[in-house]
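*Asks:* quick one: sequence plus predicted model below, questions after.
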Amino acid sequence: MLLMHLLAQAAVAAAPEAAATPQEGVIAYPAAFFAAQQPSNAHEMVLRLPGFAFDDGDEIRGFEGGGGNVLIDGQRPTSKTDDLEEILRRLPASQVERIDVIRGGAPGIDMQGKSVIANVVRKQGVGGFRGLFAVATNHIYDGRDLHGMRLELSGDKDGRSWETSARYGFGADDGAGDGPGIRIRPDGEVLRRSDIDSEGTEGNYTLTGAYAQPLAGGKVRLNARHYGAKFKFEQDEVISFPAPGLITIDDNVRLFENEIGGRFDRDFGARTKLELVGLHQTRDREVISQSAFGPNGGLFALERETSETIARSVLKYRFNDKLSLEAGAEGAFNQLDSTTIYTENGVPQDLPAANVTVEEKRGEVFGKAVWRPTSQWTVEGGLRFEGSKISSDGDVALEKTLHFLKPRLLVSWSPTPNTQLRARFERVVGQLDFADFVADSSFNSGSGVTAGNPDLEPEQAWVAEVAVEQRFLGDGVLVLTARHSELSDVVDVGPLPGPGGAVFDSPTNIGSGTKDEISAELTLPLTRFGLKGAQLKGDITKRWSSVRDPTTGRKREISDLHPLDWNATFSHDLPQWRLSYGVDAYGAWRETSYRVALIETVKLKTYVRPFAEWRPRPDIQVRFELPNVTSRGLRRTVQVFDGSRKTNPIATRIDDQDIQFGRMYYVRIRKTFGA
């Protein structure tokens, strides 16, 4: 698991004006609302929205259903590989007129399958040239100094606009570090003691460009992106008992991504709008992972190439302020070509689905309607039908066709301007992850090699959700949500027979299950408590799940699902000093993976990051951070069984690693120029 603190992001006097009174489920926050916070870009503004939790979106194949919960001028950004956070970072705060928070749906707004979204509305008719240059450095406790740089340029004139950006940076894997390792029997007898020294570093760069202009009575926008990254992980485990020894692990990963996309929008009168979207992306990934213990060693090598081409059209019609309709279609072609090599002590080993070529042709048609019968009620209904054909050649030859009908209903009721109740019922069908189709390795966790499985079915869920939102103290917001999911074809880890009678861990469908979640989101202004300009914002989610283990046949939780997640941020704006400060806390979590002959549990402790931002001039911003100020670490515990957990339910040994990652010191200087 890579827990990256990437510096590439860096190369990222009055009370605030109140938001508009809640009306028909839309709350408008003008740019003046954020003045005391002195934001530099739209992302920083979105993070300060009361009662709103930013969602970057899901990394899935296709376009429909994968967007985040922020729109720009009512539209989802065309790019898929360029994540939403980066797109918002490139939008200067000076170009934002307001941000609307839409709760429970509104006519003419694509809610992207969310119950609440934010719409960033840009200023119109603002021409000129503008830019940003930023540099940053992060001093790691072990002596590494990792730096980053960002350059952004944009301009517009006479309806034409352009933008470009370049950034590079280096980041540390804060799931690596130093600490003790121990191997014991269940009765406590020590089998091995060791000291672990591990380090992970990533370097990456990104180039983006976009151009937009009027065309054929509408507007066309073209965008392109190139991304490259290299990650290196090294670990030395020095054994002191029962006899001196050394275990080494060396992982190298290279990744390259390319994307070109386009979008055309045209209004046909005041009520009808046409949207056309097309994009093509490629991703090449290379992995070389080696482990050695004395004369014994393992080698895993992977080359994987994927590509995706998407075409999409949407026609929207707005009858009036109470009713809007939308219909559209999307087609996608996906391809994967993967080659894998795995050896033990120099002897090649056979893996299921080691070398495969997979193709998927997928189409979807959909219709949506938003109806507001009164100012208090909003009803959003939708129906999507998806069909796909998947074929595989190479080590696994198969061909299958899938069809799914996906209804959705969202109802919201606002009995008062400050209170809203929402209910959602939906069938959610997950997108198959091509990474599950091919083999992978994890020597550093002790779980070894995982086989691929192209014969997967997408996970399906019937989801019922209710939420209540209460606004108070002006900008205070409390949202309580309860959600129940009835699952089928759950994608988890299970046994997969391999060559020579061997059994491998592999992604597989393990049957039906359930998942329940309750969550709370709080935005609490602290002015009433004597701290003018201060705010406390946080969220917490508790999860329960149940599936039947494919190895033992007994009930258990879903692999790698966090039972509890929480985050909190305290911020205090002091505009008279051109200063903001605060602290972020990312809560501890646990995840457990259930495999054929082992159970792996990872526990990450709470991550705390104090910060301060100062503007010596309106165009210069200096940010200081103390990432991981508490030097929190990661603990990995692996219970190893003698063969299948079904036939041998008691672990024969337990491996425990307690890795500590120290404090960091981060500084960023950012200069803006132009309009």
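*Replies:* Good, I have the coordinates. Because the structure is a prediction, the values reported are computed rather than measured.

*Asks:* between its first and last residues, how far does stretch 287-302 reach?
*Replies:* Stretch 287-302 stretches 5 Å from its first residue to its last (Cα to Cα, to the nearest Å).

*Asks:* so which bits of that stretch are buried?
*Replies:* Neighbour counts over stretch 287-302 (16 or more other Cβ atoms under 10 Å) mark 287, 288, 289, 290, 291, 298, 299, 300, 301, 302 as buried. Every residue, glycine included, has its C-beta placed from N, CA and C.

*Asks:* between which two of the residues you listed is the distance greatest?
*Replies:* The span of these, defined through Cβ to Cβ, is set by 291 and 302 at 14.9 Å.

*Asks:* quick one, helices of this protein?
*Replies:* Per DSSP state H, the chain carries helices over the ranges 42-47, 84-89.

*Asks:* mind listing the strands for the stretch 351-500 of the chain?
*Replies:* Counting by DSSP state E, counting those that start in this stretch, one finds strands in the stretch 351-500 of the chain at the ranges 356-371, 377-394, 398-416, 419-429, 440-442, 448-450, 460-472, 476-488, 491-497.

*Asks:* so what strands line up beside the first one?
*Replies:* Each strand paired with strand 356-371, and its direction, by DSSP bridges: strand 323-344 (antiparallel), strand 377-394 (antiparallel).

*Asks:* same deal with the longest one?
*Replies:* For strand 398-416, the paired strands and their directions (DSSP bridges) read strand 377-394 (antiparallel), strand 419-429 (antiparallel).

*Asks:* can you check which of those strands gets nearest to residue 554?
*Replies:* Ranked by Cβ to Cβ, the member of the strands paired with strand 398-416 that lies closest to residue 554 is strand 419-429, at 26.6 Å.

*Asks:* circling back to that earlier point, which of the strands of the stretch 351-500 of the chain has the lowest mean pLDDT?
*Replies:* Note on the strands of the stretch 351-500 of the chain: lowest mean pLDDT is at strand 440-442, with a mean of 68.

*Asks:* ok so, going back, in TSV, list the strands paired with strand 356-371 along with distance to residue 31 and mean neighbour count.
*Replies:* Shown next, in TSV, are the strands paired with strand 356-371 (distance: least, Cβ to Cβ, whole Å; neighbours: other Cβ atoms under 10 Å):
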stretch	distance to residue 31	mean neighbour count
strand 323-344	27	18
strand 377-394	27	18
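
*Asks:* make CSV out of these and add distance to residue 254.
*Replies:* Output for these, formatted as CSV (distance: least, Cβ to Cβ, whole Å):
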stretch, distance to residue 254
strand 323-344, 15
strand 377-394, 22
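
*Asks:* so which of those strands comes closest to residue 636?
*Replies:* strand 323-344 (22.4 Å).

*Asks:* how close does the residue nearest to residue 507 when sequence neighbours are not counted sit to residue 44?
*Replies:* Nearest residue to residue 507 in three dimensions, chain neighbours excluded: residue 436, at 3.9 Å (Cβ to Cβ, 6 or more residues apart in numbering). For residue 436, the distance to residue 44 equals 36 Å [Cβ to Cβ, to the nearest Å].

*Asks:* check residue 622 too.
*Replies:* 15 Å.

*Asks:* so which of the strands paired with strand 356-371 comes closest to residue 82?
*Replies:* Each of these was scored for nearness to residue 82 using Cβ to Cβ, and the closest is strand 323-344 (18.1 Å).

*Asks:* quick one: mean pLDDT for the closest one?
*Replies:* 94.

*Asks:* from now on call the first residue 45
*Replies:* I'll keep to 45 as the first residue from here, and by that count the last item is strand 367-388.

*Asks:* number of nearby residues for the residue nearest to residue 551?
*Replies:* Neighbours of residue 480 under the rule other Cβ atoms under 10 Å: 18.
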